[in-house]
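In: What would the 3D arrangement of this be:
(2 chains)
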Amino acid sequence: MLDPQLIRNDLNSIAKALDKRGASIDTNKIQKIEDKRKAIQIKTEKLQADRNLISKEIGEMKAKGKDTENLLEKVTSIKNQLEKNEEELTAIQQELNELIIVIPNIPHESVPDGSTEEDNQPIREWGEKPSFDFKINDHVDLGESLEQIDFDSATQITSSRFVVMKGQIARLHRALIQFMLDIHISEHGYQEVNVPYLVNTDSCTNTGQLPKFKEDLFHIKDQDFYLIPTAEIPVTNIVKDKIINDIELPLKFVCHSPCFRSEAGSYGKDTRGMIRQHQFEKVELVQIVQPENSYNVLEELTLNAETILKKLNLPYRVVTLCAGDLGFAAAKTYDIEVWLPSQNTYREISSCSNFESFQARRMKARWRNSKTNKIDLLHTLNGSGLAVGRTLIAVMENYQTKNGDITIPDVLQKYMSNESIIKKS
RNA sequence: GGAGAGGUGGCAGAGUGGUUGAAUGCACCGGUCUUGAAAACCGACAAGCCUUCGCGGGCUUCGAGGGUUCGAAUCCCUCCCUCUCCGCCA
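Out: Residues are numbered from 1 along each chain as shown, chains lettered A, B, ... in the order given. The predicted structure follows:
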């Protein structure tokens, strides 16, 4: 959520900034409702003050045993007016809130202009793309001929966009999770957390998935819970309604979790293989920081995610998302894209964002400055470190051999009984 | 699932209709004292919102929502959560 003060005082500059990301707001409508809100609120609070004063007086009179008939009459007429005003105020505050809650974050000044993926700005590349002296396969062909990836069974069990992994591939998948967690814990100083995979409406609203993107989520109707599309939701909401002392900051959390996405609206997209699934696993990095540090931390967090790819020796590049491609709550985002030989292109494997105070304001996550004793909103950041399914694909494709086996990256071998190759069993 | 108890400020814990946004203790912050620290003493100490250039003034909030009342932390209703015992269970 944007700062309500800003909305009140400088609506036009917000509109201008949002224009950059291709979002528009009806400034006239908002201004009109805001003006009305102000008038009604002032009037309502005046009436409340009057009522409080007289009620207090009645108490004093009664204590002295005096007659209160006059005062009661007076306060009754105030009460009737007040009820009407309070109703009106509630209604208009709600109307205003509904308008404000769907306004996306303002892009940071360093975010490049642009409206689509095409305008994203590559900022660095790492690693050497492998060259093969044989005809390469994609992960689907590799996995199926190894008989360790089974889409048919998954479809039978549930539906399309699910997968069954078996044997060494399943183990490799798990090894990747262990590896990622271990690096982030012991080399990058994150604390591991294990969180609920079902979350309530409030939590989803705080991080920005609701109310606007309900159709992307799986919803448990009976309980009004949602399956998490990312650990960002439960992990970030750890600081909901909290005031954190600055000596405890930054909070750095790493969390492995499954993620569930309905993928509504991506029907024709990535239908082959494990690129886009309804269920996948992810190791998520979350940092809760002081505002002045958040852009340095965005760089740090992105590098933390990149470290995994470096250690796996997978070629990748980092791009800065242009304003038009930014997610709803993000002020700035770096995407990390891994090289997929079968597609001869880079594919997103991590998205690292600074949300500034956008999420923190919604969840009332604040910190106390121990020098001034003042309270202020925190900044929140997160990024995948990394998406496990897509990392698995990248390993399979980049490490494939001529006869269809897969070499196990050195850093993963200790998680797989020191095996060095995945073969058909 | 059954029976009972309870949810109050950073924490602990008073408060059952009227000047209580809330006693008291602890923690935190400022000060006195001290070479320094501790102790002791003194003082300050919730958040959000509205209004104002500022000083200031006002409103709201005692799990959430509704109700009764001139007035609710306190009474009534619904929901959520926590704890204890029993049952069931990975």
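
In: Only C-alpha atoms from now on, for both contacts and neighbour counts.
Out: OK.

In: Around RNA strand B, which positions in chain A sit nearby?
Out: If contacts are counted using CA under 7 Å from any atom of the strand, the residues of chain A sitting beside RNA strand B are A:4-5, A:38, A:41-42, A:45-46, A:48-60, A:62-63, A:72, A:75-76, A:79, A:243, A:370, A:374-376.

In: For the closest residue to residue A:6 other than its chain neighbours, give its distance to residue A:5.
Out: Once its chain neighbours are removed from consideration, residue A:6 has its nearest residue in residue A:14; the separation is 7.8 Å (CA to CA, 6 or more residues apart in numbering). Using CA to CA, to the nearest Å, residue A:14 is found at 11 Å from residue A:5.

In: same check, this time on residue A:183
Out: Note on residue A:183: its distance to residue A:5, by CA to CA, is 42 Å.

In: more crowded one of these two?
Out: With other CA atoms under 10 Å as the criterion, residue A:183 and residue A:5 differ in neighbour count, and residue A:183 comes out ahead with 18 against 9.

In: May I ask which helix or strand encompasses the more buried one?
Out: Secondary structure from DSSP states H and E places residue A:183 in helix A:167-186.

In: before we move on, what about residue A:6?
Out: Taking DSSP H and E as the definition, one finds residue A:6 inside helix A:4-9.

In: OK, now which residue of the stretch 301-425 of chain A is nearest to RNA strand B?
Out: residue A:375 (5.9 Å; CA to the nearest atom of the strand).

In: now do the stretch 151-300 of chain A
Out: As assessed by CA to the nearest atom of the strand, RNA strand B sits closest to residue A:243 within the stretch 151-300 of chain A, at 6.8 Å.

In: what about the strands in the stretch 251-400 of chain A?
Out: Along the stretch 251-400 of chain A, counting by DSSP state E, counting those that start in this stretch, strands occupy A:251-260, A:279-289, A:316-320, A:332-340, A:345-354, A:366-368, A:375-377, A:379-387.

In: just these: most buried one?
Out: Highest mean neighbour count among the strands of the stretch 251-400 of chain A (mean count of other CA atoms under 10 Å): strand A:379-387, with a mean of 28.

In: Pairing partners for it, with directions?
Out: Strand partners for strand A:379-387, identified by DSSP bridges, are recorded as strand A:279-289 (antiparallel), strand A:345-354 (antiparallel).

In: what helices or strands is whichever helix or strand comes after the helix holding residue A:6 leaning on?
Out: Once the chain leaves helix A:4-9, the next helix or strand it forms, by DSSP H and E, is helix A:11-19. For helix A:11-19, the elements it packs on are helix A:27-64, judged by 3 or more CA pairs under 8 Å, 6 or more residues apart in numbering; DSSP states H and E.

In: from the middle of its chain, how far away would the helix or strand following the helix holding residue A:183 be?
Out: Beyond helix A:167-186 on the C-terminal side, the first helix or strand identified by DSSP H and E is strand A:191-192. Averaging C-alpha positions (CA atoms, centre = their mean, to the nearest Å) puts strand A:191-192 18 Å from its chain's average.

In: Check which helices and strands strand A:191-192 sits against.
Out: Contacts defined by 3+ CA pairs under 8 Å, 6+ apart place strand A:191-192 against helix A:167-186, strand A:251-260.

In: quick one on the thing from earlier: just give the number of residues close to the residue of the stretch 151-300 of chain A closest to RNA strand B.
Out: Using other CA under 10 Å, residue A:243 has 16 other residues around it.

In: for residue A:3, same thing?
Out: Neighbour tally, residue A:3, other CA under 10 Å: 12.

In: what's the answer for residue A:95, then?
Out: Here the neighbour count serves as a burial measure; for residue A:95 (other CA under 10 Å) it reads 15.

In: Okay, angle between the helix or strand containing it and helix A:27-64 too, please.
Out: For residue A:95, the element it lies in under DSSP H and E is helix A:69-100. If you take axes from the mean of the first three to the mean of the last three CA atoms, to 10 degrees, helix A:69-100 sits at 150 degrees to helix A:27-64.

In: Next SSE downstream of helix A:69-100?
Out: The element immediately downstream of helix A:69-100 (helix or strand, assigned by DSSP H and E) is strand A:121-126.

In: Return the set of buried residues in that next one.
Out: Taking 16 or more other CA atoms under 10 Å as the neighbour-count basis, strand A:121-126 is seen to contain the buried residues A:121, A:126.

In: Partner strands of it, with direction?
Out: strand A:316-320 (antiparallel).

In: Residue A:138: what's it in contact with?
Out: Counting by CA atoms under 8 Å, 6 or more residues apart in numbering, residue A:138 touches A:341-343, A:397.
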